[in-house]
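Trainee: Predicted model, plus sequence, below.
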Amino acid sequence: MVDALSVSNLSVTNPGAPPLLDQLNFNIAPGERVGLVGQSGCGKSLTAAALCGLLRPPLAITTGTARIDGVELVGAAPHVWRQIRGRRVFQIFQSPGTALTPARSIRAQLVETARIVGANPKQAVTSALETVALDPHVADFFPYQLSGGMKQRVLIAMALILRPRILIADEPTTGLDVLTEREILAALDKMANEVGSAVLFISHDLRAVAEIASRTLVMEHGRLVEDAPISDLAASTAPSARQLAEAAQALQSTC
Ligand SMILES: Nc1ncnc2c1ncn2[C@@H]1O[C@H](COP(=O)(O)OP(=O)(O)OP(=O)(O)O)[C@@H](O)[C@H]1O
C-alpha cells in the first residue's frame, strides 16, 4: 500500500548557511499517527512548511523527495499544489485565525469547503460541526466571535469535510488551557478515526503527543535523531529523546 507520506533525504537550506533541515527520512502509513517533537528551533515548523509547500524564498528544498499518497511535492507546479492542499494534506496551526476569512461566516466557509469536494453542503456542515462538538448555531458566527479553541475546531471540521490523506497539526494546542486542549485533541482524534487520515502531530509537549500518536520522531538541529514508539524514548541512544521523555515523566509525577 502507498504510504500516506514518504520523505526521503529531504533538506531545506537558506543559501550560504548550513541546512536548516538535513536529510530527513521518514514514512507515515495510511491512518498512522506520528508525533514530531524536539526543542524550540530544531526545525519542526519548517518540516511542516516544506510538506505543505509553504516555504518562503530564499528558503528552499535543496535535496530529496516528499510524496503524499504517491504524489511528489518537491518541485510541484502551483496547479498541482492546488490539488494537493486541503484534499491530500491539510494543515492546522497554532493560530487558527489566520486560516479563516475574517469577513465570512463559519457556515459560508464550511459550505465553500464542501463544494470543493462535491459534498452536500447542508449535511456536511451539520455533521462536521457535530463531530467536533460545536453547537450548530456556531455556523452563523464570524471568526472574531469564536475563541481560539473554537476556531481550531472549525478547522478540524473543514478537515472532516475535505477528508485529507494526512493532517499536519503544528502546535494546535500551545497556549490554550488544559480543558480546551482536551477538546481539540478529542476533535482531532474523532476526525482522524472517521476519515482514516494519517496525522503528523507537532508539539513541544510529549504528553500531548502521547494522547494522539503512538510513534514519535525526535528532531535535533534539523536532523531526525529518533523514530520510535513513545514508550521507547526513555531508553533512546539520542540524548534529546531521553531528555524529552524524562521531562514528560517529571511533569507527570508532579501533577
Ligand atoms: N524564514 C527563515 N529564514 C531563516 N531561518 C529560518 C526561517 N524560518 C525558520 N528559520 C530557522 O530554522 C530553524 C528551525 O525553525 P522552526 O520554526 O522550524 O523551529 P521549531 O522547531 O518549529 O521551533 P518552535 O518549537 O519554537 O516553533 C530555526 O533556527 C529558525 O531560526
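Mentor: Arrived safely.
Trainee: drop to CA atoms for contacts and neighbour counts, all remaining ones
Mentor: OK.
Trainee: can you give me the strands in the stretch 51-200 of the chain?
Mentor: 60-68, 71-72, 89-92, 166-170, 198-202 (DSSP state E, counting those that start in this stretch).
Trainee: Distance check, the closest residue to G149 other than its chain neighbours against T131.
Mentor: Closest residue to G149 apart from its sequence neighbours, by CA to CA, 6 or more residues apart in numbering: T180 at 6.0 Å. Distance of T180 to T131, given as CA to CA, to the nearest Å: 16 Å.
Trainee: number of nearby residues for the residue nearest to G149?
Mentor: By other CA atoms under 10 Å, 17 other residues sit near T180.
Trainee: so the closest residue to the ligand within the stretch 101-250 of the chain is in which element?
Mentor: The ligand sits closest to H204 of the stretch 101-250 of the chain, with a gap of 6.1 Å, by CA to the nearest ligand atom. For H204, there is no enclosing helix or strand under DSSP states H and E.
Trainee: Just list the residues touching it, thanks.
Mentor: Residues near H204 by CA atoms under 8 Å, 6 or more residues apart in numbering: 37-40, 171.
Trainee: Next up, phi/psi of it, please.
Mentor: When quoted as degrees, to the nearest 10, the phi and psi of H204 stand at phi -80, psi -20.
Trainee: switch to numbering from 29
Mentor: All right, first residue 29 from here; so that's H232.
Trainee: pLDDT at C283, what is it?
Mentor: Looking at C283, its pLDDT stands at 54.
Trainee: do L190 as well
Mentor: The predicted local confidence for L190 is 96.
Trainee: Wait, it touches A142, no?
Mentor: Yes: contact criterion CA atoms under 8 Å: L190 and A142 qualify, at 7.1 Å.
Trainee: Can you tell me how far A214 is from D97?
Mentor: Distance from A214 to D97, by CA to CA: 25 Å.
Trainee: same thing with A266?
Mentor: A266 is 30 Å from D97, by CA to CA.
Trainee: Who has more neighbours out of these two?
Mentor: Higher neighbour count among A266 and D97: D97, with 19 against 16, using other CA under 10 Å.
Trainee: Go ahead and confirm the more buried one touches M29.
Mentor: No: contact status for D97 versus M29: not in contact, 9.5 Å apart, counting by CA under 8 Å.
Trainee: The ligand contacts on this structure?
Mentor: 48, 67-74 (CA under 6 Å from any ligand atom).
Trainee: Pull up the distance across stretch 98-115, start to finish.
Mentor: 14 Å.
Trainee: Any buried residues in that stretch, and which?
Mentor: Under the neighbour-count criterion of 16 or more other CA atoms under 10 Å, stretch 98-115 has 100-102, 109, 112-115 buried.
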